[in-house]
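Participant: dropping a prediction and its sequence here:
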Amino acid sequence: MFPSAFFFLDRRLSLTSSQPHTRARGVQLLSEVLHECYGNLTEREVLIAFYENRLKDHYIITPPVLQGLRALTKCTVLPPGSAVSMLRSLFQDVHVQVRLDSVAASRFYLKIYPKKFLKGLGADFVFGFVQSMDGERDPRNLLLAFQIAKNIIHRGYDLGKFTEELFEVTSCYFPIDFTPPANDPHGITKEELIEALRAVLSGTPKFAEFLLPLIIEKLDSDVQSAKLDSLQTLTACLSQYEHKDVAEFLEGLWTSLRREVFQTSSERIESAGLAALTTLTSCLSRSVLNSDSEDSLSTFLDLVLKDCKHHLCEPDLKLVWPSAKLLQAACSASNRASHIITAAVMPSLIDQYSSRTQCSHRRTLLEVVVRFIQSVKTSQSSENEESVFSAFRESLCSMVFSALSETNSSLQITATSMLTSLAQQTGLLLDSDIELAVDHLTRLLLTEEDDRVSLAVVECAGALAALHPAAFITKLIPRLKTEIVASEQYSHHAVRQRCLSALAAVSTQPSIVRESTPVLLEVLSSAHTGNLVGFSVEEVVLACRSLQRIAEQVQDTEETGQCFHEVIIPRLLSLALQAALQGLSGFLSGCFHVVRLAGQTASRAVSLFLDGDVSFLPDNSFPSHIQLLKQGDSWSQSQMVCLLMGCVCSLPRSVEVPQIDQLLSQLEEMSCTCSHPLSYTSAAKCFAGLVNKRSQGDSLDSLIQRTTKRVCSELDSTSSPVRTQAFTLMIWVAKALLLRYHPLSTALTDKLFSLLGDADLGAMAADGFSLLMSDSADVLNRGCHADVRIMYRQRFFSENSAKLVQGFNAAPQEKKPNYLKALSNIVNKLPKQETVLLLSLLLEALLCPDQGVQLSTLSCLEPVLINPPPALIQQLEALVSRLLALICSASHGYVRIASLRCIHALSRFPEHEILPFRARVLRALARPLDDKKRLVRSEAVQARGEWFLLGSPGGR
């Protein structure tokens, strides 16, 4: 086959032509043929010899020759020595810097060198690669060259005497200083080049003697990016090095790292320096000590302690924190390092704390100790390992309990953090210390009025309770219970609220939950019977929230699950029903958040609401056959449907709701006939939540069609007394169907558009679009396992934006604000690129007197102004006029602020477009400089400064 092909090419395409371009076309065709049928080649040696010979030809032929050689390397079997022969030819005959397509050669190297038999070239291969890469400037080739160099190192190629040459040819690019051109078609970034070069430099310890002096030199640079790159590269290298690789550079490295932390002006550089110090200490900690060898770790830590330790005795000076950070970074590297450093610094810190009297100094010292404890935690090899602070246990406990007894709030907050850290260390707190700690926390919880201290105490109590539950069961919970049920003269509302929060925070273990949940249930029971004096609705809600938090954070065991589903949830339902029968309000809002977690109780809840089955409720003194889904005479009973919504709408879609058809029928009836807003709204939301999860089919379609017919009938009758109820059901069902892309949602959304012109429901219809586009907190969200498809908002906009524009154009003047408000509610939830399509209506919306429409429209416009489309630039006159009018006349401060931000964004438009407006804008911006609102004045100063600099020599 291939001799004939050669003859054909030779006759038709003249491989022996005197014209290089003609020969190049012939080689190109042959290479393309080889790429298609390389598996059937029989004359590989002839082809290889041919291509090697062509490498000596004119440089324009080199790219197609390389393509042909790449095709040959795909052969499963190559003649012996052919790979080495091809590489030798490449290195000898391809001049990478002068040919047109240098990328092809680099890709060729990357393709063929991993083959095992190429190692036969030895150091010659490395030398050839170094020669090929030397002087390369094309970022595409550099990226490939770095990848090749990385593979040469990682795959064990013999570097031989060319180790330094390979380092030099790659390290000359360190640190990377590359800015890609605008609209770079290749998409190579500076970060990609940095990571690729870093992988090469950190690939082998053989580079250590060359790289470490280079990094020390680069750290002297004034360029922040060079410092950061050097520190991150040092961290990457040290994780691969051994102590012998860095021993001779320790003093220079420490000097550079210390300077970067002591004198840094950048948090990123400081963090990178501390990370490098930790890695360096870890590297030295891996050394194996012999009787006649020097301990590199001790030598290095002596340098660190010599320069940093004395600053810890000066807590009022600024160098205490840089010194502490350096010591803590070294301390966190290993167990050996933590022993050495803590033994050196802890006695001094403890003595300083005892001798200092100023609270600010003591707090600083305490914070330093806390950081040391936390850093040592990361260096421990196991949780059961004895703490390095064991020798200082009594002194540390004395410090923390002394600080908790102080009256300074900052000192108390730091002490709670230290107490948490001590508890997490093995053996630092004895049982007696835990009991004393609980006493201190209880005292602060009940007496301290500072919210920051209370929050810190609650967090500390929660952390300690997870580790030592017994002390909290016997000491804290009984005291909190006593305080909660105390009379008004003994217990303030704020104390009760702190107690309830603390009960939730400490209930992380099943043993504590058994003791804490009865207290919360007793509180709820006594609250609605009036046994607790002055117990507010907010505290009822907080008690329920505490139960919810317990359910979410406690260990998920069979015992806790049974406790909630068999005891707590039925008890809550019972209390809610009692409150409803007694006409008490305010209880349901708290119960809802707990009941929604009760998936296993859903069947009982359905039975309760449909059949009046109260047999599973404790303290069963309820009338038989109670009808909670009927209108009846008491709205307090009908509003309990919100608890049903919490139970059934939070179930996964795979769980079948019992008696679903009957339940939907009664929910629909209640939605359309009940007169109590909370009741009919909750019924509509529950109905929508069930419809959203129901399986596709004729049953669902007939249900939707029946519901649509009913609500449209009520909405079309202007005299109907239940139009608001029908509208509420319609909007929630529309949202349920829209989320799942159901085709029948169109009928409901079209009806919503038609209602924008309704005299009574027009404003509600405009607000309804906000409900359609927003996330719902209690139903129809992914947390409730609703069927929510991606980009449903964009789909709704693309299908209905034309209807909105047509309706606006056809509406009478008095109805146009409804369309503008609807538009504002829609585009406020859309990406910027969708907003551009309705610019004319957005500008019209700025004239709407409704402040909500104005604010929503301005929030939509601001991101568009950052990268303005041509259509917006053409309407600058209208935009500037309306924004300046809002700045000067809007009565709402937030509208003025948003308008100023938009004017500020306009200053970044092309200068020739906005310069004609400069004088006009500056005159208008003089007024908000004297605005009574500080935030308005601040925005006005920034905007006016940018506009003032327009067109000036020092301006943009």
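Facilitator: Received it, and whenever you're ready, just let me know what you need.
Participant: low pLDDT regions in the stretch 51-200 of the chain?
Facilitator: Residue ranges of the stretch 51-200 of the chain with pLDDT under 70: 74, 76-124, 182-185.
Participant: and the helix or strand Ala802 falls within, what does it pack against?
Facilitator: Assigned by DSSP states H and E, Ala802 belongs to helix 792-810. Counting contacts by 3 or more C-beta pairs under 8 Å, 6 or more residues apart in numbering; DSSP states H and E, helix 792-810 is packed against helix 723-739, helix 745-754, helix 762-773, helix 816-827, helix 832-835, helix 839-845. C-beta: built from backbone N, CA, C; applies to glycine.
Participant: tell me what angle the first one forms with helix 762-773.
Facilitator: This points to helix 723-739. Relative orientation of helix 723-739 and helix 762-773, computed by axes from the mean of the first three to the mean of the last three C-alpha atoms, to 10 degrees: 30 degrees.
Participant: so which elements touch helix 723-739?
Facilitator: If you count contacts as 3+ C-beta pairs under 8 Å, 6+ apart, helix 723-739 packs onto helix 660-673, helix 677-693, helix 698-716, helix 745-754, helix 762-773, helix 792-810.
Participant: now with 6 Å?
Facilitator: Helix 723-739 is packed against helix 660-673, helix 677-693, helix 698-716, helix 745-754, helix 762-773, with contacts defined by 3 or more C-beta pairs under 6 Å, 6 or more residues apart in numbering; DSSP states H and E.
Participant: any idea how far it is from the chain center?
Facilitator: Between the centre of helix 723-739 and the centre of its chain there are 33 Å (C-alpha atoms, centre = their mean, to the nearest Å).
Participant: then that helix to PDB, C-alphas only?
Facilitator: Taking Å, rounded to 0.1, in the frame of the first residue of the first chain, the C-alpha atoms of helix 723-739 are listed here in PDB:
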ATOM      1  CA  ARG A 723     -61.600  36.800  45.200                       C
ATOM      2  CA  THR A 724     -58.600  37.400  47.500                       C
ATOM      3  CA  GLN A 725     -58.700  33.800  48.600                       C
ATOM      4  CA  ALA A 726     -58.900  32.600  45.000                       C
ATOM      5  CA  PHE A 727     -56.100  34.800  44.000                       C
ATOM      6  CA  THR A 728     -53.900  33.500  46.800                       C
ATOM      7  CA  LEU A 729     -54.600  29.900  45.800                       C
ATOM      8  CA  MET A 730     -53.900  30.700  42.100                       C
ATOM      9  CA  ILE A 731     -50.500  32.400  42.700                       C
ATOM     10  CA  TRP A 732     -49.200  29.500  44.900                       C
ATOM     11  CA  VAL A 733     -50.400  26.800  42.500                       C
ATOM     12  CA  ALA A 734     -48.800  28.800  39.600                       C
ATOM     13  CA  LYS A 735     -45.500  28.900  41.500                       C
ATOM     14  CA  ALA A 736     -45.700  25.100  42.200                       C
ATOM     15  CA  LEU A 737     -46.300  24.300  38.500                       C
ATOM     16  CA  LEU A 738     -43.700  26.900  37.300                       C
ATOM     17  CA  LEU A 739     -41.000  25.400  39.400                       C
END
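Participant: what is the rounded mean pLDDT of that helix?
Facilitator: The average pLDDT within helix 723-739 is 93.
Participant: outside of that helix, which residues touch it?
Facilitator: Contacts with helix 723-739, where a contact means C-beta atoms under 6 Å, 6 or more residues apart in numbering, come from 671-672, 680-681, 684-685, 688, 691-692, 711, 714-715, 745, 748-749, 761, 768, 771-772, 788, 792.
Participant: for the host helix or strand of Glu877, packing partners?
Facilitator: In this assignment (DSSP H and E), Glu877 forms part of helix 876-889. Packing contacts for helix 876-889, counted by 3+ C-beta pairs under 6 Å, 6+ apart, involve helix 893-906.
Participant: got the CA coordinates for whichever helix or strand comes after the helix it packs on in CSV?
Facilitator: Using DSSP H and E, the helix or strand that directly follows helix 893-906 along the chain is helix 911-914. Taking Å, rounded to 0.1, in the frame of the first residue of the first chain, the C-alpha atoms of helix 911-914 are listed here in CSV:
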residue,chain,number,x,y,z
GLU,A,911,-15.4,59.6,28.4
HIS,A,912,-16.5,61.1,25.1
GLU,A,913,-20.1,59.8,25.8
ILE,A,914,-20.6,61.3,29.3
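Participant: relative to the whole chain's centre, how far out is helix 911-914?
Facilitator: For helix 911-914, the distance to the chain centre is 38 Å (C-alpha atoms, centre = their mean).
Participant: which secondary structure elements does whatever helix or strand comes next after it sit against?
Facilitator: Under the assignment DSSP H and E, the closest C-terminal helix or strand after helix 911-914 is helix 918-925. In terms of contacts (3+ C-beta pairs under 6 Å, 6+ apart), helix 918-925 is packed against helix 934-948.
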